[in-house]
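Participant: return a 3D structure for these sequence lines:
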Amino acid sequence: MGDKKVSKEAPRKSPQVSKVKATSAYTPPTLRHRSNTDSLSSSDSALQDLRSSIELAFQRLHDKVDSMLLNQEQMLGRIATLEATQKDLEKSAGFLSTAVEDLKAEHCKFAEETQRLDIKFQELDKLHGHLKKYCHEKFRSVSEAQLKAERYSRSYNLRFRGIAEKQDENPIAEVQNILRNHLKLDNTIIENAHRVGQRRPNKPRHIIAKLLYRPQRQEVLTSARRSLANTAFFITEDLTQEDFKTKARLRPLMDKAFKEGKRPRFRNGQLFVNGEPYIEQTSSK
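Facilitator: Numbering: from 1, shown residues only. A predicted model of the protein is given here:
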């Protein structure tokens, strides 16, 4: 029985042994093991941090490179723009230089043309002076010829002043009446006669009579100076407008010559005193 109990107790301990053996396969961590594990975890964490730092550094470097590349592209774009602008400026400068040269050439041409025109103007001015002098002399010559012709035509005329106007009068008959009754001239031939001037109350217009012969005209003037002195009638030469103004201007000198006993005569626009032509003195300032 005692043997049987021993045999029975032996198998009971075997599970415990197996358990001990089984448990002996797993060694519980000691302090050293824990230190190693913590060290590994710390290393992994440091490695992870290092890796993150490196990745962050690479990312920053990559961003900087991208920024630099972008800045480089922008700089290249600006450089290209500046180069294009420089080319445009050089082209514009070329155009301006060409334009300046063209303007210089035009200025030279203009200066030459101005000089040529100035010479031409001087020639024209000189020619104008000659033409003006010629025209002035020609006008004076024509005027003198016209005045001479008018004087000759009027040298047959006489002006009769103071003859009263009548209704339906005959100017020739009125003139002949003065010649016969006051001057005692019966043979004077009157070619034509007519009134001149504007009608005025109580002031008869002049009668211009054209005689056929010039000697008879002078005879009438000479007789009128003697016979009509105390009458209302006057007989004068039919002067041109210019000669009339000249005689009116010289009238004070003629009156003075009469008072001094001299013989003033006005003929063909010229004053004669005692047969000598009177020369007017012009004052020069």
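Participant: can you pull out the helices in the stretch 101-250 of the chain?
Facilitator: Ranges of helices within the stretch 101-250 of the chain are 171-181, 214-227, 241-259, based on DSSP state H, counting those that start in this stretch.
Participant: comparing these, which comes out most buried?
Facilitator: Looking across those with neighbours counted as mean count of other Cβ atoms under 10 Å, the highest average goes to helix 171-181: a mean of 17. (Each C-beta comes from the backbone N, C-alpha and C, glycine too.)
Participant: now that one - C-alpha only, PDB.
Facilitator: What follows is helix 171-181, C-alpha atoms only, in PDB (Å, rounded to 0.1, in the frame of the first residue of the first chain):
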ATOM      1  CA  PRO A 171     -25.400 180.200-123.000                       C
ATOM      2  CA  ILE A 172     -23.800 181.200-126.300                       C
ATOM      3  CA  ALA A 173     -26.100 184.200-126.600                       C
ATOM      4  CA  GLU A 174     -25.400 185.200-123.100                       C
ATOM      5  CA  VAL A 175     -21.700 185.200-123.700                       C
ATOM      6  CA  GLN A 176     -22.000 187.100-127.000                       C
ATOM      7  CA  ASN A 177     -24.100 189.700-125.200                       C
ATOM      8  CA  ILE A 178     -21.200 190.300-122.700                       C
ATOM      9  CA  LEU A 179     -18.700 190.500-125.500                       C
ATOM     10  CA  ARG A 180     -20.700 192.900-127.700                       C
ATOM     11  CA  ASN A 181     -22.200 195.200-125.000                       C
END
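Participant: helices and strands around that helix, which ones?
Facilitator: strand 157-161, strand 190-196, strand 206-211 (3 or more Cβ pairs under 8 Å, 6 or more residues apart in numbering; DSSP states H and E).
Participant: which stretch among these comes nearest residue 47?
Facilitator: Using Cβ to Cβ as the measure, strand 190-196 is the one of the helices and strands packed on helix 171-181 that comes nearest residue 47, at 146.7 Å.
Participant: identify each buried residue in that closest one, please.
Facilitator: 190, 193, 195 (16 or more other Cβ atoms under 10 Å).
Participant: make a markdown table out of the helices of the stretch 101-250 of the chain and add distance to residue 141.
Facilitator: As requested, these are arranged in a markdown table below (distance: least, Cβ to Cβ, whole Å):
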| stretch | distance to residue 141 |
| --- | --- |
| helix 171-181 | 36 |
| helix 214-227 | 26 |
| helix 241-259 | 15 |
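Participant: follow-up on the earlier one: to residue 149, which of the helices and strands packed on helix 171-181 lies closest?
Facilitator: Closest approach to residue 149 among the helices and strands packed on helix 171-181 (Cβ to Cβ): strand 157-161, 13.7 Å.
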